[in-house]
Structure formats: C-alpha cells, structure tokens
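A.B. asks: no sequence for this one, just the structure:
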C-alpha cells in the first residue's frame, strides 16, 4: 500500500504489476478516481506492436490503483483498424457530454505516411462499450498531433492540438463533441521542431486558462512551457519553463500529459507526466538542444556525425515508462513545478 506519491519511481497497481496508463488522464465519478491511458504492456518495436488498447484503473485515494482492465480493447482481427495493435494510437482523452448523455473519446493516430489523424468513439457509460463514430478525421483539414479536450460549464467544448510541426490550434467542438465546428485560433507559431509545442495540457484556475506544453523531440524530454490567458482562445502569454531548478532542462525527465484538479482540495492541481525514457537518467537537454536545432533547421547542412549522435542515445522504453506526478505551485498567476522525492495530498488544504 502506498501512502504518498513517489515521482519517477516504479508505480505498481494493487496486483503488483506496473501501471499501464501512459499519456493518461483522470476523471472523478461518484467518489472514485479513474486513471486511463495507453496500455503498453505488450509493446514490442521488433514485432510492430504499438499498444494494446486503453487501460484504466480505479482508486479512492489517488495513491493505490486497482486494475479494471481494458476500457477500449484493441481490434486484433482488422489490420486496417485504427485500434489494431500495430496502429500508432496515443493519448486518449474522454469528455462527458451532458446534452447527448454520451462519453466521447478522442484518440490520436499516427498514420503510415506520418500524417496524424483522430479516431472518435462514444459510449453511454464511462465504462463503455465504446463505438467508433469517426476514423481518419483530419480536423480543419490539418495533420493533428498531441492534444487535450476540455468543456466549459455551459457545455461548450474545445480541442487543443499541435498542428504538426507548425503551431498550436484551439478549435471549438461541435455540440456532440465528435468533430470541430470550423472556428479556431492559432498560437505559438514556430518554423519547426524542436520548438513547436506539443502535448498540450489545459486547465483553469481562478478564471485564468493555462496551457502546459512540451517541445517536439520525440520521446526525448525537453523544457516544458506554460502559458496563460483570460479566455479559451486567448491570446496566451508565455510564462516560460515552470520546472524550478531543473538544470537538465528535461522537465524532470518527463513529459506532462494532463493536469488534474483534485476535488475537495482548495487549490491542488497535479501535473501528471510520463517518464518515457527511464533508461536515460543522465540525458541533458542543455547538451542536446543545440543538436536538435541543427538537425531540424532546413537551412543547415547535416553531417553523418550529427545523426550518429542522436542514433547512439538511449531509446524510449514505453512499456516500462514511469510516472512523474507533481503538485503545481502558483506565484500569483505564474505556474511553478518543483521536484519532490515524495509528497502527500494531506499536505494541502
């Protein structure tokens, strides 16, 4: 039994197995927390297996998690399905639509041509079964990468995503949450990786809207960036990297996937992150950042030595990826995240 959070350490479920809810999010229903995410238990690059569906867990204290199995199982008998284990499916996000009384799940899919599309599913209950209602959706006609979903108290919902290798898009969702309306705003334009923002995580505090994002360096960790606005569509003011004292500029060797406001706590928000590369504790972005700038700059001629430096780095180990959950601090309206070897909910009002 756990009685605290231990960021970056192996986190086991109540059966003694590694928790498989990567790129995950949390939802609170009827006094129970549910944590869902990418199930990587069978991930095997050599065999071409990327995922084994969306797995979920239940907890009453946020420390100890009971494995509830597959929320969305893989489709093993259709290689063309976006839910086939060889499909590059990432980052499930689920919203409840009070108008339709449906739970709506969006999944990011990396297609074989490297474009990125969305698969949308709906269910009458959070626990499923989920039915695919859209596949190969290109929102606004764009290649759409890592994303987040959020709904306002009036039921209007929003979709935050990386327009691949370009900028961040905030788009209004249709009333049923299964598509975009066509209205959108653009933010944080960059000419390309590694500075393009991805893995957007949205939350609201004291009427202010916050976006936490990472750079684009694959599974290699990089500096996060916080931004704040007064409205859903902004404009957003960039606050910089919120990770205090992170000399390696790796967001404490992690990538934030979502932010969870803890119910019944006055002002406790948890930045939920994945440590995709647990086998690379010495990786330092301050050293490799200039290499990424060079490799992604179309105006710079690359050498074999440049590519060799990247190829010789340790690779991701998503099957054994750990989790880095840390409380978000606020200096006025500015987001701060500091490292803690362990911490407890009981330390917060």
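C.D. replies: In hand now; what should we look at? As the structure is a prediction and not an experimental result, all values here were calculated from the model.
A.B. asks: helices and strands of this structure: which one has the lowest mean pLDDT?
C.D. replies: Least confident helix or strand of the chain, by mean pLDDT, DSSP states H and E, is helix 304-311 with a mean of 85.
A.B. asks: counting contacts, what elements does that helix pack onto?
C.D. replies: helix 285-296 (3 or more C-beta pairs under 8 Å, 6 or more residues apart in numbering; DSSP states H and E). In this view, the C-beta of every residue, glycine as well, is placed from N, C-alpha and C.
A.B. asks: can you mark which positions in the helix it packs on are buried?
C.D. replies: For helix 285-296, a neighbour-count test (16 or more other C-beta atoms under 10 Å) marks 285, 288, 289, 291, 292, 295, 296 as buried.
A.B. asks: ok, residues contacting it?
C.D. replies: By C-beta atoms under 8 Å, 6 or more residues apart in numbering, the list of residues contacting helix 285-296 from outside reads 192-194, 217, 220-223, 247-250, 300, 302, 306-307, 309-310, 313.
A.B. asks: isn't residue 54 right up against residue 71?
C.D. replies: Yes: with contact defined as C-beta atoms under 8 Å, residue 54 and residue 71 form a contacting pair (4.7 Å).
A.B. asks: now for these two: what residues contact both?
C.D. replies: Counting by C-beta under 8 Å, 6+ apart, the shared contacts of residue 54 and residue 71 are 36, 92.
A.B. asks: between these two, who's got more neighbours?
C.D. replies: Counted by other C-beta atoms under 10 Å, residue 54 and residue 71 do not tie: residue 54 has more neighbours, with 28 against 24.
A.B. asks: tell me how far the closest residue to that one other than its chain neighbours lies from residue 258.
C.D. replies: Across the structure, with C-beta to C-beta, 6 or more residues apart in numbering as the measure, the residue nearest residue 54 apart from its sequence neighbours is residue 72 (4.0 Å). Using C-beta to C-beta, to the nearest Å, residue 72 is found at 17 Å from residue 258.
A.B. asks: what do you get for residue 57?
C.D. replies: Remark: distance between residue 57 and residue 258 (C-beta to C-beta) = 14 Å.
A.B. asks: all strands of the stretch 201-349 of the chain, in order?
C.D. replies: Here the stretch 201-349 of the chain has its strands, by DSSP state E, counting those that start in this stretch, at 208-214, 225-229, 237-240, 243-244, 255-261, 269-275, 322-327, 329-331, 334-338.
A.B. asks: tell me what the second one is packed against?
C.D. replies: This points to strand 225-229. Taking 3+ C-beta pairs under 8 Å, 6+ apart as the contact definition, the neighbouring helices and strands of strand 225-229 are strand 208-214, strand 237-240, strand 334-338.
A.B. asks: who does that strand pair up with?
C.D. replies: Looking at strand 225-229 with DSSP bridges, its partner strands are strand 208-214 (antiparallel), strand 237-240 (antiparallel).
A.B. asks: next one: the last one
C.D. replies: With DSSP bridges as the criterion, the sheet partners recorded for strand 334-338 are strand 243-244 (parallel), strand 329-331 (antiparallel).
A.B. asks: so which of those strands is nearest residue 115?
C.D. replies: Comparison of the strands paired with strand 334-338 against residue 115 by C-beta to C-beta identifies strand 243-244 as nearest, at 31.4 Å.
A.B. asks: what's the mean pLDDT across the closest one?
C.D. replies: For strand 243-244, the per-residue pLDDT values average out at 98.
A.B. asks: low-scoring pLDDT stretches of the chain, where are they?
C.D. replies: In the predicted model of the chain, no residue satisfies pLDDT under 70.
A.B. asks: which residue is nearest the centroid of it?
C.D. replies: Computing the C-alpha centroid of the chain and ranking residues by C-alpha atoms, centre = their mean puts residue 257 first, at 2.6 Å.
A.B. asks: residues in contact with that residue?
C.D. replies: Going by C-beta under 8 Å, 6+ apart, the list of residues near residue 257 reads 22, 23, 24, 25, 37, 91, 199, 201, 272, 273, 274.
A.B. asks: which element is the closest residue to it other than its chain neighbours on?
C.D. replies: Leaving aside its chain neighbours, residue 257 sits nearest to residue 23 (4.9 Å; criterion: C-beta to C-beta, 6+ apart). Mapping residue 23 onto the secondary structure by DSSP states H and E places it in strand 22-29.
A.B. asks: which strands and helices lie in contact with that strand?
C.D. replies: The helices and strands touching strand 22-29, judged by 3+ C-beta pairs under 8 Å, 6+ apart, are strand 32-38, strand 88-97, strand 255-261, strand 269-275.
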